[in-house]
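Engineer: Mind folding the following:
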Amino acid sequence: MSVRKSTWQSACCNGKRLQFPSEGRQRVVIEGVAPEIDGGRFAIKRTVGDVVRVQAVVFADGHDSIGCELLYRSADTEQWLSVPMSPKGNDCWEAEFAVSAIGRYFYTVRAWIDRFETWRSDLKKRIAAERELSVELLIGAELLEMASQRAAAEDAARLRSWGESLRGGNSSVAESEELWTAMRRYPDVSLAVQYERELAVVVDREKARFSTWYEIFPRSTASEPGRHGTFADCEKCLPYIAGMGFDVVYLPPIHPIGHRFRKGKNNSSVAETSDVGSPWAIGDESGGHTAIHPELGSLEQFHSFQTAARGLGLEVALDTAFQCTPDHPWTREHPEWFRKRPDGTIQYAENPPKKYQDIYPLDFETPQWRELWVALKGIFDFWIAQDVRIFRVDNPHTKAFAFWEWCIASIKEEHPDALFLAEAFTRPHVMNRLAKLGFSQSYTYFTWRNTKQELTNYFTTLTKPPISDYFRPNLWPNTPDILPQVLQVGGRPAFMMRLLLAATLGANYGIYGPAFELGENAPREQGSEEYLNSEKYELKQWDLESPESMRHFIARVNKIRKQNAALQQDGSLTFHETDNPSIVCYSKSSPDLSNLIVVVVNLDWAHTQAGWVTLDAESLGLEAGKTFEAEDLLSGGRFLWQAARDYVELVPGSLPGHILRVRRWLKTERDFDYYL
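Structural biologist: All right, here's what the predicted structure looks like:
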C-alpha cells in the first residue's frame, strides 16, 4: 500500500529553474498523531490482546470532506491493514487496532480528499435548497464510474448500475447506505497523504502487564542454621511462595562471589574468613556471570529448581548485575574492558566517601566497546538458553544507554517473550529513558511515596499518557537495599498498609521476603535505610511458620488480584475525593467495565481514621445517587454504597483498608415493570 510522499525537485517554469514539491496536489495535513514517543524515536508498549487507540489531527484547505484511515501491520509482514478513522470534532480523528501476538507492530495514518463524500454532502444541500440537479447527478455518476474501475468485479457492476440511475435523474440513489459503504471500500487515494513516520509498538506477553514478584536468597533457605543453602533447599520453599499467590520467584545473583576485598557483615570493609560476601560481587576463579556459585549447586540442579517452580505456576527471574570482582575471569582475560588508574590498577567502584573495592565497573568508553557489548549480550543469551525469560537488571542507569537499546532490541528480535525489569532508583528522566530504550518494567519511587497527595500526584502521572505508553511501574514496598522509614517505625500495620497499596495501585508489584512477611524492620543505624544484619552480607535463618507472619494477609490480597481483571492493569486508575488526608481512595475497572474495584486505604499506621469518600460517579460509569452493593473482598463483608458520599472507618493492623467490588444496583419499586 504505497503512498506518494512529497519531495522537492528542480523543474523549469517560464524559462526559470525553480524548486517544486514532487506532488503539489496533496492538500491534506496530518499532525498530532498519538501515541507517539519523542517524534517516533521510540516504540510504545502494549501486551497481547491490548487495543492501540490512535488519534490524529487531520485537515485540509477549503471545505472538502476528508477520508482518513489508520494503517497497521506486524513486523513479519509488509502488508498493511486499514481501519477507517472516525471524526471526533475539531479536526480530530480516532481509530484503534488490536495486537494479537508478541513482537513488534507498526502503525501510521493516511488521509485524502474524499470527493464522493464532498459531492454527496453538497447534493443534500442543493436538494434542500431546491436547486437544479442534472449537472450534479452527472458529476456523481462520473465519480461512481471511476470507483468502479478500482472495485472488485461484483462491486464494480453495482457501482456502474448506481451511476446509470444518477444519469437517469434518480437523486435518491445518493442516500443509499449500501452505496456509501461500497464507496468507502474503494476511495480515490491517488493523492493521499501518509503521515511522515511509521510508529512502532512493542507487544509483550501478559506478564509484562500483570505480575507478582517474590525475591528470595537461595543461600538462606537451609534447614540448619549456619549452613549455606542450595537450589534443592530453595526448591522446598517454592510451595510456600506459590501459596502466597506469587507468580515470579526472583533470585539475586547466583554466581560465584569474589574473595579479594569481600565485604563482611553489615557491609563491613573487613570480612571474616566465614563471611559469605555479597551476591552482587560477581566472579572468582571458578567463573563469572555464566557460572553458578558452587555452594548453590550445579546447572542441572538449577534446571530442577526451574521445573519445580513451573509446576507451581512460578516463573524464575534472575538478577543481572554487569560488574566484576577483582577475581572475575574478565579482569585477567579482558583488562581492556575496565578503566585503569595512573598506577596501572583497575578503578574500583566509588561513591565518595563510600568505596567498593570488591566491585570493578565496566568501561563503556573502551575502544573495544563492540566486543564488550557482545560479551554482555552473551550473558543474557546463555541464561535464555537455560530457559530464563525474566531478568531484573541491577543499576542499568550506570551503563551506556546505547548499549541497552541495542542489547534489548537484539534479544527481543530473537526472543520476544523476554522481559527486563530496570532496577533504577534514579532521576525521573533517566528512568524514563531506560523504559523508552526497551526495559519492560521499572522500579519506581513508590517506596518513598507515603501521603495521599504524594500517591495521587505520582500515580496520576505514571498511569496516564504519555508516560503510560512506554513506562510500566513495578512497585516494591521493600528491597534488600531499602528498608523505608515507614516500615521501620510503623511495624505490622505499616507493612499491611504498604502491601495493600502496592498490590492495588500497581498491576506489577513485588516484595523482598521472607523479611517482608515476617516484619523485619530494624535499620543498621538511626537514619539508615539499610537492614541491620542485612541478608546481602550474611546467611539468615527465617521462621516461615512464625505466628506473626503476614503470609495469610498477603495470600488474600494476591488472590483478590488474580480474581479481578480490574487490578491487572494500570490505565483505568482514578483517584476519588476524601475529606480526611489520612485516607486515600481510588478505583480501577476492567477494559470491558465488567469488573469494578474501589480501594480505600488508611495511610496512618498508628491510628484509626474515619471520613467521607466522594466517588466520581461519571468516571466509574455509575449513575450518581444510585445505591449499589459493594463486597469487601478483604473482610468478606457487604455494604450499601452510593455513587456519592460514603462513610468509612479503618483500623490499622486489623482493617487497613477496603477492596470493594461493585456487585450490582439495588432496585427500587420504580425499577419494577408495572410501576408506571
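
Engineer: Would you double-check that Val54 falls in a helix?
Structural biologist: No. Under DSSP: H, G, I helix; E, B strand; the rest coil, Val54 falls outside any helix and is assigned strand.

Engineer: Specify the beta-bridge partners of it.
Structural biologist: Ala95 (DSSP bridges).

Engineer: Relative to Val99, how far out is it?
Structural biologist: Distance, Val54 to Val99, by Cβ to Cβ, to the nearest Å: 12 Å. The way it works is simple: take the backbone N, C-alpha and C, and place the C-beta from them, glycine included.

Engineer: Do you know the pLDDT at the residue nearest the centre of the chain?
Structural biologist: The residue lying closest to the centre of the chain (Cα atoms, centre = their mean) is Arg472, at 2.9 Å. Arg472 carries a pLDDT score of 98 in this model.

Engineer: again, but for Trp369
Structural biologist: Trp369 is given a pLDDT of 98.

Engineer: Contacts only, for it.
Structural biologist: If you count contacts by Cβ atoms under 8 Å, 6 or more residues apart in numbering, Trp369 has them with Ala400.

Engineer: switch to 6 Å and redo it
Structural biologist: Listed by Cβ atoms under 6 Å, 6 or more residues apart in numbering, Trp369 has no contact partners.

Engineer: Any buried residues in stretch 527-536, and which?
Structural biologist: Residues 529-531, 534-536 are the ones in stretch 527-536 that count as buried (16 or more other Cβ atoms under 10 Å).

Engineer: Do you have the strands of the stretch 351-500 of the chain handy? List them.
Structural biologist: Assigned by DSSP state E, counting those that start in this stretch, the strands in the stretch 351-500 of the chain fall at 354-356, 360-361, 390-394, 419-423, 441-442.

Engineer: Quick one: those as TSV, columns for mean neighbour count too.
Structural biologist: What follows is those, written out as TSV (neighbours: other Cβ atoms under 10 Å):
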stretch	mean neighbour count
strand 354-356	14
strand 360-361	24
strand 390-394	23
strand 419-423	25
strand 441-442	26
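
Engineer: So for Gly258, which of those sits nearest?
Structural biologist: strand 360-361 (9.4 Å; Cβ to Cβ).

Engineer: Low-confidence bits of the protein, can you list those?
Structural biologist: Where the chain drops to pLDDT under 70, the residues are 1-11, 13, 20, 664-676.

Engineer: element containing Gly527, please.
Structural biologist: Per DSSP states H and E, Gly527 falls between elements, in no helix or strand.

Engineer: residue ranges of the strands in the stretch 101-250 of the chain, please?
Structural biologist: 103-113, 193-194, 199-204, 211-215, 248-251.

Engineer: ranking those strands by burial, who's on top?
Structural biologist: Comparing those by mean neighbour count (mean count of other Cβ atoms under 10 Å), strand 211-215 ranks first with a mean of 25.

Engineer: by contact count, what packs against it?
Structural biologist: strand 248-251, strand 508-512 (3 or more Cβ pairs under 6 Å, 6 or more residues apart in numbering; DSSP states H and E).

Engineer: who's in contact with the first one?
Structural biologist: Residues outside strand 248-251 that contact it (Cβ under 6 Å, 6+ apart) are 211, 213-215, 241, 309, 314-318, 392.

Engineer: What of the last one?
Structural biologist: Defining contact as Cβ under 6 Å, 6+ apart, one finds that strand 508-512 is touched by 211, 213, 215, 441, 474-476, 478-480, 502-503.

Engineer: how much does the next helix or strand after that strand deviate in direction from strand 211-215?
Structural biologist: Using DSSP H and E, the next helix or strand after strand 508-512 towards the C-terminus is helix 551-563. Put simply, helix 551-563 runs at 150 degrees to strand 211-215, going by axes from the mean of the first three to the mean of the last three Cα atoms, to 10 degrees.

Engineer: contacting residues around helix 551-563?
Structural biologist: Helix 551-563 is contacted by residues 212, 244-245, 503, 517, 567, 633, 659 when judged by Cβ under 6 Å, 6+ apart.

Engineer: try 8 Å this time
Structural biologist: Contact partners of helix 551-563, identified using Cβ under 8 Å, 6+ apart, comprise 210, 212, 240, 243-246, 496, 499-500, 503-504, 511, 517, 544, 567-568, 633-634, 659.

Engineer: Which of those are buried, as a PyMOL select command?
Structural biologist: If you want just the buried ones from the contacts of helix 551-563 in PyMOL, going by 16+ other Cβ under 10 Å, the selection is:
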select buried, resi 210+212+240+244+245+246+496+499+500+503+504+511+517+567+568+633+634+659
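
Engineer: And the lengthiest helix in the chain, what does it pack against?
Structural biologist: With DSSP state H setting the assignment, residue counts place helix 485-505 as the longest helix in the chain. Helices and strands touching helix 485-505, by 3 or more Cβ pairs under 8 Å, 6 or more residues apart in numbering; DSSP states H and E, are helix 452-462, strand 508-512, helix 551-563, strand 583-589, strand 596-602, strand 657-665.

Engineer: how about those in CSV, adding distance to Gln301?
Structural biologist: Putting these into CSV (distance: least, Cβ to Cβ, whole Å) gives the following:
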stretch, distance to Gln301
helix 452-462, 39
strand 508-512, 24
helix 551-563, 26
strand 583-589, 41
strand 596-602, 41
strand 657-665, 40
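
Engineer: Indicate which one of those is closest to Trp93.
Structural biologist: strand 583-589 (26.0 Å).

Engineer: give me the beta-bridge partners of Glu577?
Structural biologist: According to DSSP bridges, beta-bridge pairing links Glu577 with Thr614.

Engineer: Show me which of the buried residues of stretch 527-536 is closest to Met183.
Structural biologist: The closest of these, once distances to Met183 are taken by Cβ to Cβ, is Glu529, at 66.2 Å.

Engineer: Does that closest one touch Pro480 like I think?
Structural biologist: No. Glu529 is beyond contact range of Pro480, at 11.2 Å (criterion: Cβ atoms under 8 Å).

Engineer: What distance do you get for Arg150 to Phe425?
Structural biologist: 58 Å.

Engineer: on that earlier part again, take the strands of the stretch 101-250 of the chain and write them to CSV, including distance to Ala400.
Structural biologist: Below are the strands of the stretch 101-250 of the chain laid out as CSV (distance: least, Cβ to Cβ, whole Å):
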stretch, distance to Ala400
strand 103-113, 23
strand 193-194, 35
strand 199-204, 20
strand 211-215, 27
strand 248-251, 25
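
Engineer: Which among those strands is found nearest to Trp119?
Structural biologist: The nearest among those, by Cβ to Cβ, is strand 103-113 at 11.3 Å.

Engineer: Now do that closest one and strand 199-204, the angle between them.
Structural biologist: 150 degrees.

Engineer: Tell me which other helices or strands strand 103-113 touches.
Structural biologist: Strand 103-113 packs on strand 28-34, strand 51-60, strand 66-74, strand 92-98, strand 193-194, strand 199-204, going by 3+ Cβ pairs under 8 Å, 6+ apart.
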